[in-house]
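Student: Give the three-dimensional model of this entry:
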Amino acid sequence: MTESHRNSSRISKAVIPAAGLGTRFLPATKATPKEMLPVVDKPAIQYVVEEAVEAGLSDILMVTGRNKRPLEDHFDRNYELEEALRRKGDAQRLGRVQESSDLATMHYVRQGDPRGLGHAVLCAAPHVGDQPFAVLLGDDLIDPRDPLLSHMVEVQEREGGSVIALMEVEPSQIGLYGCAAIESTGDDDVVRVTGLVEKPDPAEAPSNYAIIGRYVLDPAIFEILRQTKPGRGGEIQLTDALQKLAFDEKLGGPVHGVVFRGRRYDTGDRGDYLRAIVRLACEREDLGPDFRAWLRRYVTEEM
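Tutor: Take a look at the predicted model:
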């Protein structure tokens, strides 16, 4: 058993990097953080926080940047709005407004100079301390009916070290992701990670297992990140630091991967963002029946 495994304890903290500029959604994100773009009637970032809370992580640190104040406002109380809804007797909307401020204990730190995901995670070191923690990227929405993070937490508590989320993609698409070299563990959805590479040439990729935006990390990652030089794109890559952990377990335990085969919505891509809205709207009890009927008519007419 590794030192990391012996020191492991119940994970309670999650880190959500949210300092990106959202350039793919300009001009909508010129003055509005991309994380606040609505997915049906909730901002994308709220789905991510809800996922962390559902997995038992009630202490949330957001790593933010300039023009991200609306994130803090969304998860804070709005007494004027609440009082206006209370006077109207609109208990339903009042409950929905209060829901976001009651979800979790929220903390914020600014990244300052945006130097990549690895640097954003390193900014969380003073808050996280010496305990394992989760990292959730806001562009990936995981359907709550297909729990991923809670399973990753279970694997980390059992195996120690770090755990990353993996998804099989078409070999031609692997160059868009970080990629993992893996070994079987005998468990159908848990693999051992032996190496990682950021956005490889598809012809040289070690597998078609792509890293998606969920991590459960050993605190040893912080010291490795401090020593990690900028890599692809001139940024400090979290993948590079995890590669060192996978190569030498003495640094902080093994690296495992949980293979996710459920529903995932990529809200960082404009097309997938629109598809996510349509899918989630179709499945809502309050919106779905009318929306699906309209959608059928629309598709029939367009065909």
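Student: For the stretch 51-200 of the chain, just list every one of the strands.
Tutor: 59-64, 105-110, 133-136, 140-142, 162-168, 178-187, 190-198 (DSSP state E, counting those that start in this stretch).
Student: In TSV: these, plus distance to G233.
Tutor: Using the backbone N, CA and C atoms, a C-beta is placed for each residue, glycine as well. Shown next, in TSV, are the strands of the stretch 51-200 of the chain (distance: least, Cβ to Cβ, whole Å):
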stretch	distance to G233
strand 59-64	18
strand 105-110	21
strand 133-136	19
strand 140-142	19
strand 162-168	20
strand 178-187	12
strand 190-198	9
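Student: Turn those strands into TSV, including mean pLDDT and mean neighbour count.
Tutor: Converted to TSV, those look like this (pLDDT from 0 to 100; neighbours: other Cβ atoms under 10 Å):
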stretch	mean pLDDT	mean neighbour count
strand 59-64	95	23
strand 105-110	94	15
strand 133-136	97	26
strand 140-142	91	23
strand 162-168	95	24
strand 178-187	89	17
strand 190-198	91	21
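Student: for these, which one sits closest to I277?
Tutor: strand 140-142 (10.6 Å; Cβ to Cβ).
Student: So for R261, which of the strands of the stretch 51-200 of the chain sits nearest?
Tutor: Nearest to R261, of all those, is strand 162-168, at 7.6 Å by Cβ to Cβ.
Student: tell me the angle of that closest one relative to strand 178-187?
Tutor: Inter-element angle recorded for strand 162-168 and strand 178-187: 100 degrees (by axes from the mean of the first three to the mean of the last three Cα atoms, to 10 degrees).
Student: Next, the angle from strand 162-168 to strand 190-198.
Tutor: 80 degrees.
Student: Given strand 162-168, what are its sheet partners and their directions?
Tutor: strand 209-217 (antiparallel), strand 255-259 (parallel) (DSSP bridges).
Student: Make TSV out of these and add mean pLDDT, mean neighbour count and distance to V191.
Tutor: Shown next, in TSV, are the strands paired with strand 162-168 (pLDDT from 0 to 100; neighbours: other Cβ atoms under 10 Å; distance: least, Cβ to Cβ, whole Å):
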stretch	mean pLDDT	mean neighbour count	distance to V191
strand 209-217	94	24	8
strand 255-259	95	24	5
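Student: Make JSON lines out of these and add distance to M167.
Tutor: Converted to JSON lines, the strands paired with strand 162-168 look like this (distance: least, Cβ to Cβ, whole Å):
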{"stretch": "strand 209-217", "distance to M167": "5"}
{"stretch": "strand 255-259", "distance to M167": "7"}
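Student: What about the closest residue to P254 other than its chain neighbours, how many residues nearby?
Tutor: In space, and not counting its chain neighbours, P254 is closest to G161: 4.2 Å by Cβ to Cβ, 6 or more residues apart in numbering. Neighbourhood size, G161 [other Cβ atoms under 10 Å]: 26.
Student: correct me, but G161 touches G253?
Tutor: Yes: in this structure, G161 is within contact of G253 by Cβ atoms under 8 Å, at 2.8 Å.
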